[in-house]
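S.K.: structure for the following, please:
(2 chains)
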Amino acid sequence: MRPRGGLAAQRVRHAWWMAAPMLVVLAAVGGWPLLRTIWFSVTDSDLSSLGDYAFIGLENYVGEYGLLASPDWWQAVGNTLLFTALSVALETLLGLGVALLLNQPSRLRTLLRAALLVPWAIPTVVSAKMWSWMLHDQFGIVNHHLLALGVIAVPLAWTADPQLSLFSVVLVDVWKATPYMALLILAALQMVPVDCYEAARVDGVPRWQVFRRITLPLIMPGLLVAMIFRTLDALRVFDLIYVMTSNSRDTQSMSVFVREQLIDFGLVGYGSAAATCLFFMIALLSIVAMGLLGKTVERAAR
Amino acid sequence: MSAVNAAEGSARTSQRRAAPGRRRFPCGPIVYWAASLLFIFVSIFPLLYALSTSFKQGSALFSPTLWPEAPTFANYSGVFTEQPFAQNLLNSLLVAGSVVTLSLVLSLMAAWAFGRVEFRGRGLLLMLILSASMLPQVAVLSGMFELVRALAMYDTLGALVVADLVLTLPFTVWVLVTFMRQLPKELEEAAAMDGVGVLTLVFRVFMPLLWPAMVATGLLAFIAAWNEFLFALTFTLSTEARTVPVAIALISTASGFELPWGKIMAASVIVTLPLVALVVVFQRRIVAGLSAGAVKG
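M.R.: Predicted coordinates for the structure are as follows:
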């Protein structure tokens, strides 16, 4: 069954030619800009004269006015981490619940799946605007009903109040991303062999126990993959926060911070340093995650 | 043998229960129905409310009734007359269309190489492609800005097509590789017997077979490009070059005092309804594509 040398070699050559256009494009639009960003981060480049810069070493990171000495940067790091932790935790719990609902054969299933895809398909900018309107402090429907029900005594400034704005952003992210989480978990649920449930049912195991002892351990790898995907996604959040609270310090994420420095202030060197930090944070986390999920990823890459 | 008897007994008592594989939900039917209806309501309510607001004008905007008392199309006509929204829609279509076409062609070719040929460095390259999908957009922002300027594409749609490829290519490649692997080996052998070239093989033999996967992947890429905001915000300047998300994010009144919520919601409904329709029609395909990209990959 060994392939003949000539033909196999030709096949490999063809494979490289077929992969080349995609690899070249991806290197040009991904690899090269990334390397340039890292390079810019050790220069004093600014937006009005991008090509005219001097090498300044790690000044942008550890200098007197460097990133690591900037309270605004640390605030952005803190906001991003809090946002990520809250939204991923809530999305996992709710996503698991929705996935269990979707996994149940029922007349409602098609409707439920269609309804769930709605928040996922709506552009983030649009959902940010829709929710900004619903959470409007004076005319918003949320305040209106909460006041009518007597839950709150005065209208809340959901997106302006520094105590609330981050939670409002989390709320909208949970609304938008839970469906995605649910679909990933559902895929894991559907791989659980039916025999497992059958055996448990025959043995008269209570359903809650079936879930805890059979379902949950079996879907754990899928659940972890979904959580990692969402975590990496949440760490680079931009659209939602930019549109709902613009450049407010109370909610500014790392990505929003980077764009503000790069474009609004024109500090390409400094902004690139912040972008580089975010990149290495995510890269490190991905490597750790892949190590943890070694087997799952290995199986997929084969 | 008592275990067998017990099993038989319980099987008999549960004969009228659901067929095998049913009742996977860990709580009772009341909880199931209540939770499902709640999720359906929460998922679609913001869109319904946006729809309702888009038909309201003046002081009617400030009453939170769902059914507008004096429905008006003024917001819809306003969106198109007071700003180049038709142009923005066309821009979004052009960008998303080009991104989808380029991504699918490039990744279909690459998917054959990665999915069906064993060569050295394949695993490493696949890993690199997968990690490109983790890349934060802002990490390529300054480099991309330089690239876009060097290509003299600043403030043009070309800039957005180029930039969006970095978002779509990693997952279109990944998903198509997954599907390409599942096709039978005999196909290729038969084609090789006929002396068919690689390009013909990929585009004439595999592409028709991969049609469902192409639709799912293409839709996901379309949605990604259609919704993209950061690059579109950064690489365009004039209102005529904006795509829809940027246009909606930056809608303001001439006075700049209070946001024109009626028009914002009208514009939101216009861009969302086609997407929702697509998604509802293709829901099975999309779910398959999403899970192929994530869980299998």
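
S.K.: longest helix in the chain, by number of residues?
M.R.: In the absence of a named chain, chain A is used. In chain A, taking DSSP state H as the definition, the longest helix is helix A:71-102.

S.K.: um, chain B though
M.R.: Under DSSP H, chain B gives helix B:85-116 as its longest helix.

S.K.: which neighbouring elements make contact with it?
M.R.: With contacts defined as 3 or more Cβ pairs under 8 Å, 6 or more residues apart in numbering or on different chains; DSSP states H and E, the packing partners of helix B:85-116 are helix A:5-26, helix B:122-132, helix B:157-181, helix B:211-227, helix B:244-249, helix B:261-281. In short, each C-beta sits where N, CA and C put it, glycine included.

S.K.: state the pLDDT value of B:Gly121.
M.R.: We have a pLDDT of 89 for B:Gly121.

S.K.: rewinding a little: can you say which of the helices and strands packed on helix B:85-116 is nearest to A:Val125?
M.R.: helix B:244-249 (4.0 Å; Cβ to Cβ).

S.K.: show me the domain layout of chain B.
M.R.: Domain segmentation of chain B under automatic domain parsing yields B:20-72, B:84-296.

S.K.: low-confidence ranges, the chain, go.
M.R.: Let's take chain A. By pLDDT under 70, the low-scoring segments of chain A are A:1-5, A:294-302.

S.K.: to clarify, I was referring to chain B.
M.R.: B:1-24, B:253-257, B:292-297.

S.K.: in it, what residue lies closest to chain A?
M.R.: Using Cβ to the nearest Cβ, the closest approach of chain B to chain A is made by B:Gly143 at 2.8 Å.

S.K.: neighbours around that residue, how many?
M.R.: Counted by other Cβ atoms under 10 Å in any protein chain shown, the residues lying close to B:Gly143 total 24.

S.K.: now for the residue nearest to it when sequence neighbours are not counted: which residues touch it?
M.R.: Spatially, and ignoring its direct neighbours in sequence, B:Gly143 is nearest to A:Pro33 (2.8 Å; Cβ to Cβ, 6 or more residues apart in numbering or on different chains). By Cβ atoms under 8 Å, 6 or more residues apart in numbering or on different chains, the residues touching A:Pro33 are B:Val140, B:Leu141, B:Ser142, B:Gly143, B:Met144, B:Glu146, B:Leu147, B:Val166.

S.K.: now stretch A:164-171: buried residues?
M.R.: Neighbour-count burial for stretch A:164-171, counted by 16 or more other Cβ atoms under 10 Å in any protein chain shown, picks out A:Leu164, A:Ser165, A:Leu166, A:Ser168, A:Val169, A:Val170, A:Leu171.

S.K.: what about the longest helix of chain A, near chain B?
M.R.: Yes - contact of helix A:71-102 with chain B (Cβ under 8 Å from any Cβ of the partner chain) involves A:Gly97, A:Val98, A:Leu100, A:Leu101.

S.K.: quick one, the next helix or strand after that helix and helix B:211-227 angle?
M.R.: Under the assignment DSSP states H and E, the closest C-terminal helix or strand after helix A:71-102 is helix A:109-121. For helix A:109-121 against helix B:211-227, the angle by axes from the mean of the first three to the mean of the last three Cα atoms, to 10 degrees is 40 degrees.

S.K.: and the next element down the chain from helix A:109-121?
M.R.: Criterion used, DSSP H and E; the element after helix A:109-121 is helix A:124-134.

S.K.: which other helices and strands contact that following helix?
M.R.: Helix A:124-134 packs on helix A:165-189, helix A:239-245, helix B:29-54, helix B:244-249, helix B:261-281, going by 3+ Cβ pairs under 8 Å, 6+ apart.

S.K.: the helix or strand just after it near chain B anywhere?
M.R.: Using DSSP H and E, the helix or strand that follows helix A:124-134 in sequence is helix A:141-149. Yes - contact of helix A:141-149 with chain B (Cβ under 8 Å from any Cβ) involves A:Ile141, A:His144, A:His145.

S.K.: next, count neighbours for the closest residue to the first one other than its chain neighbours.
M.R.: I take that to be A:Ile141. Ranked by Cβ to Cβ, 6+ apart and with sequence neighbours excluded, the top spatial neighbour of A:Ile141 is B:Pro64, at 4.2 Å. By other Cβ under 10 Å, 18 other residues sit near B:Pro64.

S.K.: now B:Glu188
M.R.: Residues near B:Glu188, counting by other Cβ under 10 Å, number 18.

S.K.: A:Asn60 too?
M.R.: That count, for A:Asn60 with other Cβ under 10 Å as the rule, works out to 27.

S.K.: that older thread, got the buried residues of stretch A:164-171 as CSV, with distance to chain B columns?
M.R.: CSV is the format used below for the buried residues of stretch A:164-171 (distance: Cβ to the nearest Cβ, whole Å):
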residue, distance to chain B
A:Leu164, 18
A:Ser165, 17
A:Leu166, 19
A:Ser168, 13
A:Val169, 15
A:Val170, 15
A:Leu171, 11
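
S.K.: picking up where we left off before, nearest to B:Ala60, out of the helices and strands packed on helix B:85-116?
M.R.: helix B:261-281 (8.8 Å).

S.K.: and that closest one, which residues are buried?
M.R.: B:261-272, B:275-276, B:278-280.

S.K.: and if you look at stretch A:115-124?
M.R.: A:Ala115, A:Leu116, A:Leu117, A:Val118, A:Pro119, A:Trp120, A:Ala121, A:Ile122, A:Pro123, A:Thr124.
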